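Peer 1: Everything below, folded, please.
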Amino acid sequence: PLHARGSLTARERLELLFDNESFHELDQLKAHRCTEFGMDEKEFPGDGIVTGHGTINGRVVYAFSQDFTVLGGSLSETHAEK
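Peer 2: Below is the predicted model of the structure:
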């Protein structure tokens, strides 16, 4: 119920921020390496953060947006590397 709460996904927020179709995502499928707490059995493509670059008003900008739908947007080692 993200949209029911008036919330947008990480990608939707970036889509609104950047010029139309200019955002290019980096490391989209990068995954965590945690093996504790049963995490070795779970997959979270992108590891809770969307990173990339595009243009805003014609200027090149790099940005990230945390994806709170993945483990509440918590920070992992791989998340920080992105």
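
Peer 1: show me where this structure has strands.
Peer 2: 24-26, 49-56, 59-66 (DSSP state E).

Peer 1: Which neighbouring elements make contact with the first one?
Peer 2: Contacting strand 24-26 under the criterion 3 or more Cβ pairs under 8 Å, 6 or more residues apart in numbering; DSSP states H and E are the following elements: strand 49-56. The C-beta positions use only the backbone N, C-alpha and C, and glycine is treated the same way.

Peer 1: Pull out the buried positions in the strand it packs on.
Peer 2: Residues 49, 50, 51, 52, 54 are the ones in strand 49-56 that count as buried (16 or more other Cβ atoms under 10 Å).

Peer 1: Residue 68 versus residue 26, what's the distance?
Peer 2: Distance, residue 26 to residue 68, by Cβ to Cβ, to the nearest Å: 20 Å.

Peer 1: Identify the residues contacting residue 7.
Peer 2: Listed by Cβ atoms under 8 Å, 6 or more residues apart in numbering, the contact set of residue 7 reads residue 68.

Peer 1: And the one 3 residues further on, by the same measure?
Peer 2: Listed by Cβ under 8 Å, 6+ apart, the contact set of residue 10 reads 49, 50, 65, 66, 67, 68, 69.

Peer 1: And the pLDDT for the fourth one?
Peer 2: The reference is to residue 66. On the pLDDT scale, residue 66 is placed at 85.
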